[in-house]
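>>> Build me a model:
(chains A, B and C)
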Amino acid sequence: MAEIVLMRNFSNPDSHTLAAYRAGGGYAAWDKARQMEPAAITEEVKKANLRGLGGAGFPTGTKWSFIPKNHTGPVYLVVNADEGEPGTFKDRYLLERDPHALIEGMLIAARAVRCTKSFVYIRGEYIQPWRRFSAAVKEAYDAGLLGQGLDIVIHRGAGAYICGEETGLLSSLEGKKGWPKIKPPFPAIKGAFGQPTIVNNVETLCCVPPIVARGAEWFAGLGTKTQGGTRMYSVSGRVKKPAVYEASVSITLRQLIEMAGGVSGTGRLKAVVPGGGSAAILTADEIDVTMDVDGLKNAGTMIGSAGVMVMDESVSIPEALMVLARFYAHESCGQCTPCRESTGWIYKMVHRIVDGHGHKDDLDTILDVAKRGAGTTICAFYDGAVGPYISYIEKFRAEFEALIPHA
Amino acid sequence: MSETHGATSASSRTPTVRAGLTDPATIRFNDAQLAEVRRLQALYPDKRGALLPVLHMAQETFGYISLEAEEYVASLFDLSPAHVHEVVTFYTLYFRERPGRHVVAVCHTLSCHMAGAPKIIAHLKQKLGIEPGETTEDGRVTFLTVECLCACEAAPMAQVDDRYELHLTPEKLDRLLEGLR
Amino acid sequence: MPKLTINGKEVEVPAGTNLIEAARAVGVEVPHYCYHPGLSIAGQCRLCMVDIEKTPRPTIGCNTVATEGMVVNTETDRVRETRKSIMEFHLINHPLDCPVCDQAGECWLQIYYMKHGLYDPRMKDEKVHKPKAVPLGPHVMLDAERCILCSRCVRYCDEITHTGELGIFQRGDHSEIGLFPGHELDNKYSANVVDICPVGALTDRDFRFQVRVWYLDTAKSVCPGCARGCNIDVHVNRRRPHHAEGRRVARLKPRFNAEVNKWWLCDAGRYGFGFVDAPDRLVVPSQREGGTSTDATWEQGIAAVAGALRRLPPAQIGVIASPKMANEDLFALRRLLELRGVTQVASQVPPRTQGDEDDFLIRADKNPNSLGAELLGFGAGARTVIEAAGQRRLKFLWVFGHDLLAGALPERDVLEALRVVDTVVFTGSNANWTSAHSHWVLPAAAWTEREGTYTNFEGRVQRFRSAIEPLGQALPEWDIIGRVMTLLGESLQATRAEHLFRQLVEAVPAFAGLSYQLLGDTGRTLATAGASGHRGAGPSGAAS
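Reported below is the predicted structural model:
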């Protein structure tokens, strides 16, 4: 059983305070990092095989190294606390229970990329996490941890899932609609306010102090060959103990469901969404996969934000798809044509099918439209919609056809 | 399903104004608030970055964001009102009409759906006598259905004003509603 | 200058060229909506996809800069299939308005569907409905359902006019172009959004329901509304006269000229052609005696003018030409006046109110050829001529175009002048107070009805071409003048405007070296432009 790293302080009711964090060894990693060269910090994070935990799974150290070496202007560190992927709630816990872990991670990361001004973008609905994090930032300023080389600006969102997309977040930070930016240029070259920018997820940054304190080798060893460490799995749906669980990234989905008490409802597993709403669904006999970036990629799905939603036999897959299709139609930012037009249309079709008014061509139309749109959009939002559109229908087609008259 | 076909609009927070509440006569920040606006603007490399925070401020101060408030905020940023309107209509947390004294936003995405959100929503419709998106006649409650609030481990759940209310049941909802004056 | 290969053809392009422009350089069309060379890159429509060797998926061309050795293919099966998909996405919620939509015939959804779509539509659900027929301002009509949300109009109002009236509100498929509620699209260049809108979402209110575009003929021309001389196309309706109540000139559109107006045209210039088909057009020569006006023949009119010119000593002849006349007209007039030694000439009538001017295209001087008039010897102000007339020193006065009471000349002096001069001749296209108080009216063809050249304020000489036949018996000024000269025994030796231009080039040093061929479609600056005229700022706005 892997040790608990990210959730180590959660059991302490005062875990969010500076005193408690320090008492548990907090900010020792920052003291160590201050003696390190920025490039050495990045090297350590690379060697640790830390992959982004917000959704894309991109190697964090590699991302940090994209900042142009000869840039003379400001570099920004932007923390993505716009948690919004259905089935995911881990960052909420980190913000509420261990905000100083994030601050310490930010201090170290900012040093690595030579940033003196950072922004934390917290989704607007997260009021309690915002209050907790704001209080921690104040404590850090009062203690001289912040304001002496790093400033943190806390920026509340206003309700848009697309602001969890890296460049959608940057647009929102700049005071605009959360429209993702066309790439190139990439944020590390030209991001927030036109400057080189690193956007990292909350949990990813919380991994950084342990990596610096205990070494890249240790962290890498906790996981798989291509991804180091542990991570926090948000497990919900038809399980007996829905909660956030920390485990090595090498854990299998079967083991994770067991950790969460096993299947509830009928007790018979039907399907699992392994990586947040945008991940392709897995059937009950596909759960012996490792819950790391490459393991799930090879299984035709993704770990994404590690939002695990378990479905038992009584869950209607067409209804589940309708709920997600409604989500994507509502959250599409509208900037580019394929996503804007087809998310609404596909929702209408799935809704009609669930209502019993499906046409026999609808399923193939949905599949074809989804496949045609995938890869053509400005950002990966649509590809995230395509995950469920295609996998739910392809893997549970009979259940859909049963709802369509004369199918 | 309660909603009409197609996605609900982003500004689903345009609850019908039923209560006869008066609007402030003038949409203006006082000196202290203006100082706060300038302070916020100075935090960003481009002052436009402070637009979302200042719109939150406007909503807290004036109760909601009227067209007049949009024009006023635009003037504080040297932005055209059209560009402020874009932002206000894009995000769901900005109310464009005065909401009820309390806002009950029930999540209806996947885990909450599986945990019984439709039943919770039906119960609220019956209890409050309004549809999602509307406000009760007495101006007490605005009822909304919203997308994933990321508290799936405690589904079904809702955001009531500033709080997350977890593990909802019809009984719990009734007690909750009683407490909302 | 990177060298790259497009569809097997090698091409060298300036550094920073995107792939749509690089393809254009070798005659390859990459279909697109949101891209416009005068605006920032949006990358929203996703139609301009191309295949680039070594990239796993098709990439948008607008946001890809050509690099050395790049190998691009715009016609792979994959690109063709992607284009088809993107066309379908664009048409999912698009209303089937073609039968009632002005854009039909020049609509890029129609054009690209026929070229790159041709799929069987399968959208059976209710389309998203949005506001239709919403006037955005005096000139522009919005149909939000037809809008493909390419954002060109929004970027135009931000980047070109810097007025920011338009935005895209809401999100998802409920996204909608619009104004801030209660506001208007009222900048002086508002109608350019109609040109750049690829579809019938933004249409011209003046042109609305007038005539189908496939009935229009077009001629390249120059706007005569001010001294800028923006390049335009004149669209005329000859073939369906019953469609627009006889209105022949249907609309003006800007024509690209990198040195003058780029892609843009001001609203005043765009809508300034109404007088061409207005009821107050002068269409026959006429004579006024004792308060009543009777139609006459050209023979009679020309004879009257020639007679006066032959009979009177030159000092008793005055001519007020116009800076709205073409170089050719003015040169013909100069030849006529030199023939008789007339020196009491002018062209400038100061306006009552100073014309508006900005740092974009609009010039305060609302005449297209002031500099030409000056270079050809007509630069003097009309005041001296009016004074000479009032002092009874003139027995003949020929006025071209002006309504002398509409300017800043003292009303009393004008009234007196027209009262005491024996023979006042008016030549112009439309009736006004001056024509009504002249003894002879010799009708002139409008600028859309003949060809010629203007010299803009920067010394740029530009051709304007005939788009439609002169109305009634109206003639170009140079032709009228030529007929008078013939009766005086001297041939103009010109049967068309170009002949006069050649004579002008020989006779006037400022115009040396020019020819219609050299002027081409975008004009040429006079060699002496730097010395003589004021070189104002060129048009601002995003360069490509």
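
>>> how many neighbours does the residue of chain C at minimum distance from chain B have?
Nearest to chain B, among the residues of chain C, is C:Gly164, at 3.0 Å (C-beta to the nearest C-beta). For the C-beta atoms, the positions are set from N, CA and C on the backbone; glycine is no exception. Residues near C:Gly164, counting by other C-beta atoms under 10 Å in any protein chain shown, number 18.

>>> Assign a three-state SS to the most far-flung residue of chain B relative to its centre, would you?
Distance from the C-alpha centroid of chain B, by C-alpha atoms, centre = their mean, peaks at B:Pro45 (28.4 Å). Three-state call for B:Pro45 (DSSP: H, G, I helix; E, B strand; the rest coil): coil.

>>> Could I get the contacting residues of it?
If you count contacts by C-beta atoms under 8 Å, 6 or more residues apart in numbering or on different chains, B:Pro45 has them with A:74, A:117, A:192-193, A:195.

>>> among these, which are in reach of chain B?
A:74, A:117, A:192-193, A:195 (C-beta under 8 Å from any C-beta of the partner chain).

>>> Closest one of the residues you listed to C:Val319?
A:Phe193 (63.5 Å; C-beta to C-beta).

>>> Now the closest one: closest residue in space that isn't a chain neighbour?
B:Pro45 (4.1 Å; C-beta to C-beta, 6 or more residues apart in numbering or on different chains).

>>> mind checking the backbone torsions on residue 29?
By default, I'm working from chain A. In this entry, A:Ala29 is assigned phi and psi values of phi -60, psi -40 (degrees, to the nearest 10).

>>> wait, it sits on A:Ala101?
No. With contact defined as C-beta atoms under 8 Å, A:Ala29 does not reach A:Ala101; the gap is 9.7 Å.

>>> give me the beta-bridge partners of C:Phe169?
With DSSP bridges applied, C:Phe169 shows beta-bridge pairing to C:Glu176.

>>> give the contact list for it.
C:Phe169 touches B:85-86, B:89-90, C:175-178, counting by C-beta under 8 Å, 6+ apart.

>>> switch to 10 Å and redo it
A:177, A:334, B:9-11, B:82, B:85-90, C:144, C:175-181 (C-beta atoms under 10 Å, 6 or more residues apart in numbering or on different chains).

>>> same deal with C:Gly27?
Contacts of C:Gly27 by C-beta under 10 Å, 6+ apart are C:6-7, C:9, C:11.

>>> got the residues you listed as a markdown table, with neighbour count columns?
As requested, the contacts of C:Gly27 are exported to a markdown table (neighbours: other C-beta atoms under 10 Å in any protein chain shown):
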| residue | neighbour count |
| --- | --- |
| C:Ile6 | 25 |
| C:Asn7 | 15 |
| C:Lys9 | 13 |
| C:Val11 | 20 |
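
>>> Could you pick out the residues of chain C near chain B for me?
Within reach of chain B by C-beta under 10 Å from any C-beta of the partner chain, chain C has these residues: C:93, C:125-129, C:154, C:157-158, C:162-176, C:178-183.

>>> Could you list which of those belong to helices?
Among the residues of chain C next to chain B, DSSP state H puts C:154, C:157-158 in helices.
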